[in-house]
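Colleague: Pasting the sequence and the predicted coordinates here, then a few questions.
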Number of protein chains: 4
Amino acid sequence: MRKKKPKYNQIIEAAVEVIAENGYHASQVSKIAKKAGVADGTIYLYFNNKEDILISVFEEKMGQFIEKIALGISKLRNAEEKLFKLIEMHFHQLSEDHNLAIVTQLELRQSNTDLRLKINQILKPYLTVIDDIIVEGTRENVFRDDLNSLLARQMIFGTLDEIVTNWVMKEQKYDLVREAPEVHAFIINGLSAKK
Amino acid sequence: MRKKKPKYNQIIEAAVEVIAENGYHASQVSKIAKKAGVADGTIYLYFNNKEDILISVFEEKMGQFIEKIALGISKLRNAEEKLFKLIEMHFHQLSEDHNLAIVTQLELRQSNTDLRLKINQILKPYLTVIDDIIVEGTRENVFRDDLNSLLARQMIFGTLDEIVTNWVMKEQKYDLVREAPEVHAFIINGLSAKK
Amino acid sequence: MRKKKPKYNQIIEAAVEVIAENGYHASQVSKIAKKAGVADGTIYLYFNNKEDILISVFEEKMGQFIEKIALGISKLRNAEEKLFKLIEMHFHQLSEDHNLAIVTQLELRQSNTDLRLKINQILKPYLTVIDDIIVEGTRENVFRDDLNSLLARQMIFGTLDEIVTNWVMKEQKYDLVREAPEVHAFIINGLSAKK
Amino acid sequence: MRKKKPKYNQIIEAAVEVIAENGYHASQVSKIAKKAGVADGTIYLYFNNKEDILISVFEEKMGQFIEKIALGISKLRNAEEKLFKLIEMHFHQLSEDHNLAIVTQLELRQSNTDLRLKINQILKPYLTVIDDIIVEGTRENVFRDDLNSLLARQMIFGTLDEIVTNWVMKEQKYDLVREAPEVHAFIINGLSAKK
DNA sequence: AATGAATGAGGATTCATTCAT
DNA sequence: CATGAATGAATCCTCATTCAT
């Protein structure tokens, strides 16, 4: 399996750094190779093309991101707690890795529509985690029973995503995790019984 | 005033169509010129460079977008009604102009960081409209008094933006405006008194 | 005759100024038109094309330049005096009109080979003036009798031209006319009897 | 060292040929690449940009030109002999390489002011060689003691340059080297004691 | 497996010239 | 005579990818 090879990870890490430092469009394959300490051609022994590097960056990093969140909420008993944990971990993980935050919130969004669709595929497991919380919350009557669950997911994800993007664009000057309770309250109230 | 000249608008309209059809990166100036029915060089009588076309597209289109919404809510009496109108009009306007929706939700986001900053400037008046509703809602006690208004704005905008983007990516197969009431309920409940 | 029309001269003068200020390659027709106070299209009522403007600039200015020198030396009795007057007037006239000096010594030389050949045609009368002095000097036995007159002319013109070019490139910081006696001595000695 | 690489020289040689054949302004990078038998992009592995090719052409060719002359005159005992050798070699070298003569005398002079300044820098060593001969000649009392040495250098260089340029413009139809003795006599006499 | 020199397609922009008014 | 808006041809350089070593 290719992911076991050390150079694979070297290249992935180099790509995150290079993109965070230089921006998406100024991140040439040769720059990534240099930062990774390999020859340009070596990149192509591990990745099919440049797009494959970027997808793999997202895949690897979001894979860990999602896995940790999935694990973190698995021990919790109800939707409300799970949602809080998800928000907190979402914010926490991106707070901890500024480069990753820049890459996922700003730089990779400059990619073309094709790549963006692939990125969306990688996000699906995360959306599924959110969907599961919504289903659980509905069952627990924390959320109202006539909830449009697809819409609810978009509202949750859109809210979190916009908040993180704003934080990144403001150069991470404030504590993102501290916002979690209010965001949690906002979503819980938003999705609970109609007045 | 340059905006009065018919060719200026011809070029703006052509740019929206070309970008929606071909995607951001495949939208050459020559393609825009051809669609607009002018010579390549004529573009540069009305715009300084390619970036200026794109900024102007956003400026013109979002200017109208925001103006209409600002006008539409101005007659309404309270924050709740205004918020509903804003959501409805936000969805309605982008529903009516699929090309514009594609361009604003997907294509223009592929631009480089410089252009993105300029686009953010253009969005500011819209964020101000949202801010005003939040202030009004807080005064009317529709929203809770300890609301973090900046966060609230991010939640509202993030929610709307994500919902529209999903709709665009699903190729506008369903009626976006029909979602307005539930989104409205979500936001109102989210921002009202804590349990 | 086109040269009588006032706009013809306006354009010629504007061209000299624009080229001296901006350099040959940055001297667009539109800039010349603006400086001349006429519309771009008006240029083409008086000149066939851009090259024609440049040739005419040289023609007009060098025409006067040569005419004055020819007149200045006509009263003089012998080749030695004539040569001195020619050098002095050559230096004097270009000293008096810095813009013209810049244009003829530096800027017009950046033109393409075709234009340069036409410029050489215009210079011919000046070369003829030099040739006449050489013939006269040979007859007077001031110059040696086995002189290669074509070569002599090239030596005279090359010397004067290089000296003026150096003066222009050093931004005309010293008095060019003061060099005349030494240059004169150099040429006279150079062309006189072999040791 | 880049200059050892064979492609570097291939490109330099191709540039001389292309410029001599097509003229300065019609010498596209792609034409040079084709003549050199390399891809367009390869040019940029050896040169920073088009201007860098042109400067390097002059640098390489004039470097050799000057080096040979400096070497050729180094063995000689006095200023008079050195000057003769310099003239002869100046004429000889350009006679031997018609393309180079066209490029240095006509085409490269069409370059913009920036490039011209850089070309002047490259010429400096040659002017220094001339200066040294002038100093030596003055010491040897071959040249008069009140000689303005800067002016003398301009006279020498201007004379040689104009003679070569005329020869190039007359399509190299006669034997340039044959002119050397007379040019030498002209300069020696010109710079020797006043009558 | 690893290298890195070589490849070559692709596009924004300028500006001399025209011609309808 | 005069205008000036419109035209459209023409080119340098970048960088993802290949392949001989």
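Modeller: Great, that's in hand. Numbers count the residues shown, from 1 in each chain, chains lettered A, B, ... in the order given.
Colleague: What segments of chain A are helices?
Modeller: Ranges of helices within chain A are A:6-22, A:29-36, A:40-46, A:50-74, A:79-96, A:98-102, A:113-139, A:149-169, A:180-191, based on DSSP state H.
Colleague: And those: which comes nearest residue B:87?
Modeller: helix A:149-169 (11.6 Å; CB to CB). C-betas here are computed from N, CA, C, even on glycine.
Colleague: per-domain residue ranges of chain A.
Modeller: Listed domain ranges for chain A are A:1-47, A:50-191 (source: automatic domain parsing).
Colleague: how far out from the middle of the chain is the last one?
Modeller: Right, domain A:50-191. 6 Å (CA atoms, centre = their mean, to the nearest Å).
Colleague: and what of the first one?
Modeller: Centroid separation between domain A:1-47 and its chain, computed with CA atoms, centre = their mean, is 20 Å.
Colleague: would a markdown table of the domains of chain A with mean neighbour count be doable?
Modeller: Listed next are these as a markdown table, based on neighbours: other CB atoms under 10 Å in any protein chain shown:
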| stretch | mean neighbour count |
| --- | --- |
| domain A:1-47 | 17 |
| domain A:50-191 | 18 |
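Colleague: now those as a markdown table including distance to residue D:30 and mean pLDDT?
Modeller: Shown next, in a markdown table, are these (distance: least, CB to CB, whole Å; pLDDT from 0 to 100):
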| stretch | distance to residue D:30 | mean pLDDT |
| --- | --- | --- |
| domain A:1-47 | 23 | 91 |
| domain A:50-191 | 26 | 94 |
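Colleague: Ok, which of those comes nearest residue D:27?
Modeller: domain A:1-47 (29.1 Å).
Colleague: dump the residue contacts of the closest residue to residue A:168 other than its chain neighbours.
Modeller: Distances taken as CB to CB, 6 or more residues apart in numbering or on different chains place residue A:105 nearest to residue A:168, at 4.5 Å, with adjacent residues excluded. The contact partners of residue A:105, taken as CB atoms under 8 Å, 6 or more residues apart in numbering or on different chains, are A:94, A:161, A:164, A:165, A:168, A:169.
Colleague: Looking at those residues, spot the one nearest residue B:84.
Modeller: Using CB to CB, these come closest to residue B:84 at residue A:161, 23.4 Å.
Colleague: The closest one touches residue B:155, doesn't it?
Modeller: No - Residue A:161 is not in contact with residue B:155 according to CB atoms under 8 Å; the separation is 10.7 Å.
Colleague: tell me the centre residue of chain A?
Modeller: Nearest to the mean C-alpha position of chain A, counting by CA atoms, centre = their mean, stands residue A:62 at 5.2 Å.
Colleague: Near DNA strand E, which residues of chain A? Just list them.
Modeller: Residues of chain A found near DNA strand E (CB under 7 Å from any atom of the strand) are A:5, A:7, A:38, A:39, A:40, A:41, A:42, A:44, A:45.
Colleague: where does the fourth one fall, phi/psi-wise?
Modeller: Spelled out, that is residue A:39. Note on residue A:39: its backbone torsions stand at phi -80, psi 160 [degrees, to the nearest 10].
Colleague: Would you mind measuring from the closest residue to it other than its chain neighbours to residue D:67?
Modeller: Spatial nearest neighbour of residue A:39, chain neighbours left out: residue A:33 (6.2 Å); criterion: CB to CB, 6+ apart. As defined by CB to CB, to the nearest Å, residue A:33 lies at a distance of 40 Å from residue D:67.
Colleague: same question, residue A:57
Modeller: Computed as CB to CB, the residue A:57 to residue D:67 distance reads 54 Å.
Colleague: In contact with residue A:57: list those residues for me.
Modeller: Residue A:57 touches A:12, A:15, A:16, A:19, A:103, A:108, counting by CB under 8 Å, 6+ apart.
Colleague: where's residue A:136 relative to residue A:75, distance?
Modeller: 14 Å.
Colleague: Kindly report the same for residue A:56.
Modeller: Residue A:56 sits 30 Å away from residue A:75, going by CB to CB.
Colleague: Which one of the helices of chain A lies nearest to residue D:188?
Modeller: Distance to residue D:188, taken as CB to CB, is lowest for helix A:29-36 among the helices of chain A, at 59.5 Å.
Colleague: Tell me what angle that closest one forms with helix A:50-74.
Modeller: Orientation note: helix A:29-36 sits at an angle of 50 degrees relative to helix A:50-74 (axes from the mean of the first three to the mean of the last three CA atoms, to 10 degrees).
Colleague: outside of helix A:29-36, which residues touch it?
Modeller: Applying CB under 8 Å, 6+ apart, the contact partners of helix A:29-36 are A:7, A:10-11, A:13-15, A:17-18, A:22, A:39-40, A:42-43, A:50, A:53.
Colleague: okay, among those residues, which ones form the most distant pair?
Modeller: A:7 and A:22 (21.1 Å).
Colleague: How about the residues of chain A by chain B?
Modeller: For chain A, the residues in contact with chain B (CB under 8 Å from any CB of the partner chain) are A:23-25, A:106, A:109-113, A:116-117, A:120, A:148, A:151-152, A:154-155, A:157-163, A:165-166, A:169, A:179, A:182-183, A:185-192, A:194-195.
Colleague: could you redo the last one with a cut-off of 6 Å?
Modeller: Proximity of chain A to chain B is confined to A:23, A:25, A:109-110, A:112-113, A:148, A:151, A:154-155, A:157-159, A:162-163, A:166, A:179, A:182, A:185-186, A:189-190, A:194 under the rule CB under 6 Å from any CB of the partner chain.
Colleague: Out of the residues of chain A next to DNA strand E, the closest to residue C:88 would be?
Modeller: Closest approach between the residues of chain A next to DNA strand E and residue C:88, by CB to CB: residue A:40, at 66.3 Å.
Colleague: Please name the residues that touch the closest one.
Modeller: Shown in contact with residue A:40 (CB atoms under 6 Å, 6 or more residues apart in numbering or on different chains): A:30, A:33.
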